[in-house]
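Undergrad: sequence plus predicted model, see below.
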Amino acid sequence: MSVSPNFDPAAAADAGAGIFGLPFDRAASRIVLLPVPFDATTSYRPGTADGPAALREASMQVDLFDRRFGRVYEQGIFMEPISEKIRELSRRAAAAARPIIDAGGAEDGNREHAKLLAEVNAASEHINAFVYEHTARVLAEGKLPGLIGGEHSVPFGAIKAVAEKYPGVGILHIDAHMDCRDAFEGFTWSHASIMHNVLSRLPNVAKLVQIGIRDFSEDEVSFGAQHGARVVTAFDEDWAQLQSGGTTFLKLCEQTIAQLPKDVYISFDIDGLDPSLCPHTGTPVPGGLSFHQATMLLDLVRKGRRVVGFDLVEVAPGSPSEPEWDANVGARALYKLCGASKSG
């Protein structure tokens, strides 16, 4: 994409500029970002519905020249307006989900729980359709789709559309959690069930490679093992031990990425990072990747694979009285994802 000669990438963002302070409209952009402010099934600490707006605001402070990825902005990056309808749907669904979450999950035979569960699942199905239709349209235009959550349930429609466009696609899943629970707490489309739903419902996804994993149930480990070579899980504890024995992080990344097919969709849950970088995310877990490690990982992916879509989810800003940190880190992770998606 061509950039206006009047645009100064080193200047402060103009009032009314797009994400990262960029001057691009949708037509002039290769990457189209869809914000999905939906947060209904988060079982520990809500707040990710505020992530897209916080990321957009924090993005104005990101310097646009990246030593590793270069002039990322030149390809054109556009963020769709945040839908207040989706935000309101999230509020209603979260209110319906709360009694179930507080009870530790939907109770068998509880008619009120059954009614609330149906409402939440219907809202999630609306999100799936909304995200799928938008992603399919972006792909049909020859552009690259990115999604900004919101909880980790929201990328299902995007992954579905990408898998239809690129059969045999692989998913690089950066996360603290396996997210392979079956309808966690009764919610079919739970944030803890995204990869269970992908593996169970999207046969065009050929491979799931998970990195940063350090929180999971025994059933999730068994579920992954049932899929054989289709699922590769790099447990964070194992990587820490191997690095203590002298294996480099770079080598571990190379060995793991080698198991991905040519086309890759990246699903990046911010809690895959060390929680000091994302303290307000919904389910923080000790351990995880440093920011530099995540950047190295994304760089290796782009050098050997073609990124055909991505999401960044579970960014939750802190209270207004606190210095903003989660969105600050998240905006920079988002820019790195755009850099890893550069063509050529």
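TA: In hand now; what should we look at?

Undergrad: skip the chain neighbours and tell me the closest residue to residue 234.
TA: residue 211 (4.7 Å; C-beta to C-beta, 6 or more residues apart in numbering). (Glycine included, C-beta is placed from N, CA and C.)

Undergrad: in which helix or strand would I find that neighbour?
TA: For residue 211, the enclosing helix or strand under DSSP states H and E is strand 205-213.

Undergrad: next: residue 303.
TA: Residue 303 belongs to helix 291-304, assigned by DSSP H and E.

Undergrad: residues contacting that helix, please?
TA: Contacts to helix 291-304, defined as C-beta atoms under 8 Å, 6 or more residues apart in numbering, come from residues 68-69, 172, 174, 211, 249-250, 253-254, 257-258, 260, 264, 266, 268, 272-273, 277, 289, 307, 329, 332-333, 336-337, 339-342.

Undergrad: from the residues you listed, which land in strands?
TA: Among these, DSSP state E puts 172, 174, 211, 264, 266, 268, 307 in strands.

Undergrad: give me the buried subset of the residues you listed.
TA: Among these, those classed as buried by 16 or more other C-beta atoms under 10 Å are 172, 174, 211, 264, 266, 268, 307.

Undergrad: may I see these arranged in CSV, with distance to residue 99 as well?
TA: Shown next, in CSV, are these (distance: C-beta to C-beta, whole Å):
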residue, distance to residue 99
172, 36
174, 32
211, 35
264, 39
266, 35
268, 31
307, 40
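
Undergrad: from these, which is closest to residue 9?
TA: residue 307 (22.4 Å; C-beta to C-beta).

Undergrad: for residue 136, which non-adjacent residue is spatially closest?
TA: residue 161 (4.3 Å).

Undergrad: ok, that neighbour - contacts?
TA: When contacts are counted by C-beta under 8 Å, 6+ apart, residue 161 is found next to 131, 132, 135, 136, 139, 145.

Undergrad: max-length helix in this structure?
TA: Ranked by residue count, the top helix of the chain under DSSP state H comes out as helix 111-140.

Undergrad: what segments of the stretch 151-300 of the chain are helices?
TA: 156-165, 194-201, 218-226, 236-244, 249-257, 291-304 (DSSP state H, counting those that start in this stretch).

Undergrad: now these as CSV including distance to residue 105?
TA: Below are the helices of the stretch 151-300 of the chain laid out as CSV (distance: least, C-beta to C-beta, whole Å):
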stretch, distance to residue 105
helix 156-165, 21
helix 194-201, 16
helix 218-226, 14
helix 236-244, 27
helix 249-257, 33
helix 291-304, 32
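
Undergrad: for stretch 186-201, the distance to its chain's centre please.
TA: 14 Å (C-alpha atoms, centre = their mean, to the nearest Å).

Undergrad: just for the stretch 101-250 of the chain, where's the confidence low?
TA: Along the stretch 101-250 of the chain, no part satisfies pLDDT under 70.

Undergrad: hang on, the earlier thing: state the distance from the residue nearest to residue 234 to residue 305.
TA: Separation of residue 211 from residue 305 (C-beta to C-beta, to the nearest Å): 14 Å.

Undergrad: cool, and residue 253?
TA: Noted for residue 253: a distance of 12 Å to residue 305, by C-beta to C-beta.

Undergrad: residue 173 is in contact with the residue nearest to residue 234, correct?
TA: Yes. The pair residue 211 / residue 173 is scored as a contact, 7.2 Å apart, by C-beta atoms under 8 Å.

Undergrad: list the contacts for the residue of the chain most remote from its centre?
TA: Residue farthest from the centre of the chain, counting by C-alpha atoms, centre = their mean, is residue 109 at 34.7 Å. Contacts for residue 109 (C-beta under 8 Å, 6+ apart) come out as none.

Undergrad: may I see the buried residues of stretch 202-221?
TA: Residues 202, 205-216, 220 are the ones in stretch 202-221 that count as buried (16+ other C-beta under 10 Å).

Undergrad: same thing with stretch 61-80?
TA: Buried residues in stretch 61-80, counted by 16+ other C-beta under 10 Å: 62, 64, 66, 69, 72-80.

Undergrad: that concludes my questions; thank you for your assistance.
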